[in-house]
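S.K.: Sequence plus predicted model, see below.
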Amino acid sequence: MDLIHTPSHPKANSYCSLAFANEFMFSHTDYDEWNNISNTNKERLLIQATASIQRLNLIGNSFFSEPRNYRDKQHLHFPLMFDRIYTGFADTVSELSLISINLKDQPHIPSDLLNEGGIVFTEGTGRGQTALITDFDSATGTISFEELDTPIAKGSQFIIFLPVNDDIREATVLQAMHLYQNPVTSVSSDFSRKRIDDVEVYVGGSITSIEKRNNISSAAFSLLSRYIDRTLSFR
């Protein structure tokens, strides 16, 4: 399964990228242990960690909580309806970038602020597509993004989402490390355990309790609580 961390993507399965996780863990006490895990299994862990966070059942409406007439609903809880977004239209386009004059030289949108965010095309050619933003140059208003299935055209309208909050992304990484160090051991009889390289995974069935199912680390929960205390609450 490929890791998809584009904010609001209908098939997103992780709140952070492997690159973000590696950078965050570089200064962490568990870096050596994390560094010894293969990239494939790191991505598996990040996907599993995101699923753990999803099961916490948070209050707050997702931005695309329901399908729109141009795209499916988002798969993950974040971003939320009240999160900051930017809108605009393409004045100039190329295969992997566009220039939007209304985003040029805006003091509140500095270069790189939108990196790792998501862009959703809402009107015009390419309508309904969602892509990861790879770079933003404020001086020119240029947004670079990953390859689209259908190229956009001049005048295409869009919504931009910022990257998911750092507290949530860092909590995802810490939860991934926790799942690696503390594999679930109490499972129902119809839950089969497998080991894929250096990651233990469970297939089928259901875990016996909410606590075991979520298996949230205290460090990850602390970061999530810091964000939630500012914005949300648990159900």
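M.R.: Received the coordinates, thanks.
S.K.: Please count neighbours and contacts with C-alpha atoms only from this point.
M.R.: Noted.
S.K.: so how many other residues sit close to His9?
M.R.: 24 (other Cα atoms under 10 Å).
S.K.: what residues are up against Arg169?
M.R.: 15-16 (Cα atoms under 8 Å, 6 or more residues apart in numbering).
S.K.: how about it, phi and psi?
M.R.: When quoted as degrees, to the nearest 10, the phi and psi of Arg169 stand at phi -70, psi -40.
S.K.: now Lys154: how far from Tyr31?
M.R.: 45 Å (Cα to Cα, to the nearest Å).
S.K.: Would you tell me which strand is longest in the protein?
M.R.: In the chain, assigned by DSSP state E, the strand with the most residues is strand 130-137.
S.K.: Can I get it in CSV, CA atoms only?
M.R.: C-alpha atoms of strand 130-137 as CSV (Å, rounded to 0.1, in the frame of the first residue of the first chain):
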residue,chain,number,x,y,z
THR,A,130,-6.3,16.7,-5.6
ALA,A,131,-2.5,17.0,-5.6
LEU,A,132,0.4,17.4,-3.1
ILE,A,133,2.1,20.8,-3.3
THR,A,134,5.8,20.3,-3.6
ASP,A,135,6.9,24.0,-3.6
PHE,A,136,5.5,27.5,-3.3
ASP,A,137,7.4,30.7,-4.5
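S.K.: and the next element down the chain from it?
M.R.: Per DSSP states H and E, strand 130-137 leads on to strand 142-145 as the next helix or strand towards the C-terminus.
S.K.: Point out the other helices and strands that the helix or strand just after that next one packs with.
M.R.: Next in sequence after strand 142-145, counting helices and strands by DSSP H and E, comes strand 157-161. On a contact count with 3 or more Cα pairs under 8 Å, 6 or more residues apart in numbering; DSSP states H and E, strand 157-161 meets strand 85-89, strand 118-123.
S.K.: quick check: angle from strand 157-161 to strand 85-89?
M.R.: Compare the direction of strand 157-161 with that of strand 85-89 by axes from the mean of the first three to the mean of the last three Cα atoms, to 10 degrees and you get 160 degrees.
S.K.: Pairing partners for strand 157-161, with directions?
M.R.: strand 85-89 (antiparallel), strand 118-123 (antiparallel) (DSSP bridges).
S.K.: In the first one, which residues are buried?
M.R.: Read it as strand 85-89. Neighbour-count burial for strand 85-89 flags 87-89 (criterion: 16 or more other Cα atoms under 10 Å).
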